[in-house]
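> Sequence first, predicted coordinates after that:
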Amino acid sequence: MLAPVLAGLGLGFSLIIAIGAQNLFVLRQGLRREHVLAVAAICAISDAILIALGVSGVGFVLEAVPWLVDVVRWAGALFLVAYGVLAARRAWRPTGAALGADDTQQPVGAVSPQEGVVEPHRTTSGGVTHAGSGEFLLDPEVSASQVRSDIRSAPPAATRTRLIPALLTCLALTWLNPHVYLDTVFLLGTVANTHGDDRWLFAAGAMTASIVWFFGLAFGARLLGRWLSTPRAWRILDAVIAVVMIGLGVSLVLPH
């Protein structure tokens, strides 16, 4: 009983671990620490649905209707090229949002020692003293509610991607990728059906691989934050993303 699960786990990892559009998007969201749980969940759930469709025999329907894959291929190619152009624009003209991975925060009221440095001018607003170094010093006589209100009204340090656009991008990168139908639905579904009555155990193993990979990639990406804490590093990452996305988009419509 364990053999089909392990077989599905192995094939699932072999198909999903690759430098692709979806993985690069998940990696970037993890580095920026934006909607990480939601993005990883969308990818894992989408993969589970596609695997279930393949095991249930939908792959044979796709094989009988080849024009449907062609439609998805052209739509995916246009989306990938457009996303690549946006990434190239970020690399060419970086904004404050490129600093989202540098998420080192100090606890409220903490003061970083700076020996030998002249103390900068400080201004006070709503009970919060703003030091020139970017620190916040609390006045003990001011209530906590006043402090929270003042902090919430301060402008954000960098522009964050809103949840809905991020999820829509994630869904497009997943469902407009023709390879996901050829690999996950048709190939994986065909192999699963060779296991007979144990095909759903095989599917469970493949689904487990998707869950482990996407959540590991999304939440493990923050470990790379120290190497991507400068604008130059983010420009390089966006340039790589642009090249990969545009290359994948073009490859989808080139004759094979």
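Nice, thanks for sending it over. Residues are numbered from 1 along each chain as shown.

> Quick check: which element contains the nearest residue to G205 once chain neighbours are set aside?
Leaving aside its sequence neighbours, G205 sits nearest to G8 (CB to CB, 6 or more residues apart in numbering; 2.8 Å). Bear in mind the C-beta positions are built from the backbone N, C-alpha and C, glycine included. G8 is part of helix 2-16 when elements are defined by DSSP states H and E.

> cool, and M245?
With DSSP H and E as criterion, M245 is part of helix 231-253.

> For that helix, buried residues please.
Neighbour counts over helix 231-253 (16 or more other CB atoms under 10 Å) mark 233-235, 237-238, 241-242, 244-246, 248-249, 252 as buried.

> Include pLDDT when you put the residues you listed into TSV, please.
Formatted as TSV, the buried residues of helix 231-253 follow (pLDDT from 0 to 100):
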residue	pLDDT
A233	78
W234	75
R235	84
L237	79
D238	83
I241	82
A242	87
V244	84
M245	82
I246	88
L248	80
G249	82
L252	78
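
> For the chain, which segments count as strands?
Taking DSSP state E, the strands of the chain run over residues 122-125, 128-131, 136-138.

> Quick check: closest non-adjacent residue to R199.
Per CB to CB, 6+ apart, closest to R199 is A192, 4.4 Å.

> May I have the residues that are in contact with that neighbour?
8, 51, 54-55, 199-200, 202-203, 206 (CB atoms under 8 Å, 6 or more residues apart in numbering).

> Run a quick neighbour tally on the nearest residue to T161 once chain neighbours are set aside.
The shortest distance from T161 to any non-neighbouring residue, by CB to CB, 6+ apart, is to E34 (5.4 Å). E34 has 18 neighbouring residues, counting by other CB atoms under 10 Å.

> related to what we said a few turns ago, mind checking pLDDT for the residue nearest to R199?
A192 carries a pLDDT value of 87.

> Compute the distance between it and H179, please.
18 Å (CB to CB, to the nearest Å).

> again, but for G196
27 Å.

> more neighbours, those two?
H179 (20 against 9).

> Tell me who's in contact with that one.
The contact partners of H179, by CB under 8 Å, 6+ apart, come to G20.

> Then the one 5 residues further on?
When the contact criterion is CB under 8 Å, 6+ apart, the partners of T184 are 15, 47, 50-51, 54.

> neighbours around the residue nearest to G205, how many?
Neighbours of G8 (other CB under 10 Å): 28.

> Same check on the one 4 residues further on?
The number of residues packed around G12, counting by other CB under 10 Å, is 26.

> Check D70 too.
By the criterion of other CB under 10 Å, D70 has 12 neighbours.

> Going forward, count from 30.
Understood, numbering begins at 30; the last thing we discussed is D99.

> Okay, it and W256: tell me how far apart.
Taking CB to CB, one finds D99 at 41 Å from W256.
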